[in-house]
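Undergrad: give the three-dimensional model of this entry:
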Amino acid sequence: MTANYSMLLEAARRGVAAAAVAILRIYATPFEVRRKADQSPVTLADEEAERLIIAALEQAAPDIPVIAEEQVAASGLPATLASRYWLVDPLDGTRGFVDHSDDFSINVGLIENGWPVLGVIGVPMQHLIYAAAGPGTATRQRNGGTPEKIAARLPPTKPVVLSSRLHGASRRVDAYLETVPGAVRRQMGSAFKFCLIAEGSADHYPRYGETCEWDTAAGQAIVEAAGGSVHTLEGTRLGYGKPGYRNPAFIARGRT
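TA: Reported below is the predicted structural model:
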């Protein structure tokens, strides 16, 4: 890992750790739920987490622009595409947060020339932070302890196939399950699914519903660093800077 990536990774990790504290504090209160223009929910936790993350990133690297979900909802997408930029989802799985499920996450990814090169994902309810910046660098950190190396696994006899709890597109996922002998299905929310593939706890994550690039950038960086892959249905690596920052359907996998 270059010194530059090391510094940026630590800045992202600090922002995610601060955001996790704020999110858990708000989670324990009777918070208000509002609706954005697209009718998706937003809370003080989304906004406070985003503020803390942006502050940490801008302090470390003021020259790298930040594209963050709530900022985009308020002000729109940037007019031009930089060659290097952050993608931030301060609270991925807000619906799960509102429903008091435990698998919401915090996503911070760095894009360079259309590809994810660095990612940090926090899972506040599990007190976990996953991070990576290049092949072989994927780690998992629990309760602020020492980060430990993680790696994706080769498929076991009963591969675990993850699907979204709220956006399962069940018929297509059912069809995908039929192509994986011995598959065991597990439903859950947020980018935590990428982390389970990266740490070798799961094997496939087919996603057919709509996602934005800030939903996937951090997770893809971590999965790829751990030896896995994230490809479109056509078999090409998922890239970034697409129109509207929208992703096509994709499949994340462990080692093959």
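Undergrad: helices along the stretch 1-150 of the chain, start to end?
TA: Taking DSSP state H, counting those that start in this stretch to define them, one finds helices in the stretch 1-150 of the chain at 3-27, 44-60, 69-75, 94-98.
Undergrad: mean pLDDT for those - can I get that in a markdown table?
TA: Below are the helices of the stretch 1-150 of the chain laid out as a markdown table (pLDDT from 0 to 100):
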| stretch | mean pLDDT |
| --- | --- |
| helix 3-27 | 95 |
| helix 44-60 | 97 |
| helix 69-75 | 92 |
| helix 94-98 | 88 |
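Undergrad: could these go into JSON lines alongside mean neighbour count?
TA: (C-beta placed from N, C-alpha, C; glycine too.) Compiled in JSON lines, the helices of the stretch 1-150 of the chain are given as follows (neighbours: other CB atoms under 10 Å):
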{"stretch": "helix 3-27", "mean neighbour count": "19"}
{"stretch": "helix 44-60", "mean neighbour count": "20"}
{"stretch": "helix 69-75", "mean neighbour count": "16"}
{"stretch": "helix 94-98", "mean neighbour count": "21"}
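Undergrad: include distance to A191 when you put those into JSON lines, please.
TA: Below are the helices of the stretch 1-150 of the chain laid out as JSON lines (distance: least, CB to CB, whole Å):
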{"stretch": "helix 3-27", "distance to A191": "12"}
{"stretch": "helix 44-60", "distance to A191": "14"}
{"stretch": "helix 69-75", "distance to A191": "12"}
{"stretch": "helix 94-98", "distance to A191": "12"}
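Undergrad: closest to A226 out of these?
TA: helix 3-27 (14.8 Å; CB to CB).
Undergrad: that closest one - contacts with which helices or strands?
TA: helix 44-60, strand 84-92, strand 105-112, strand 115-123, strand 128-132 (3 or more CB pairs under 8 Å, 6 or more residues apart in numbering; DSSP states H and E).
Undergrad: between the ones you listed, which gets nearest to P206?
TA: Ranking these by distance to P206, with CB to CB as the measure, places strand 84-92 first at 17.8 Å.
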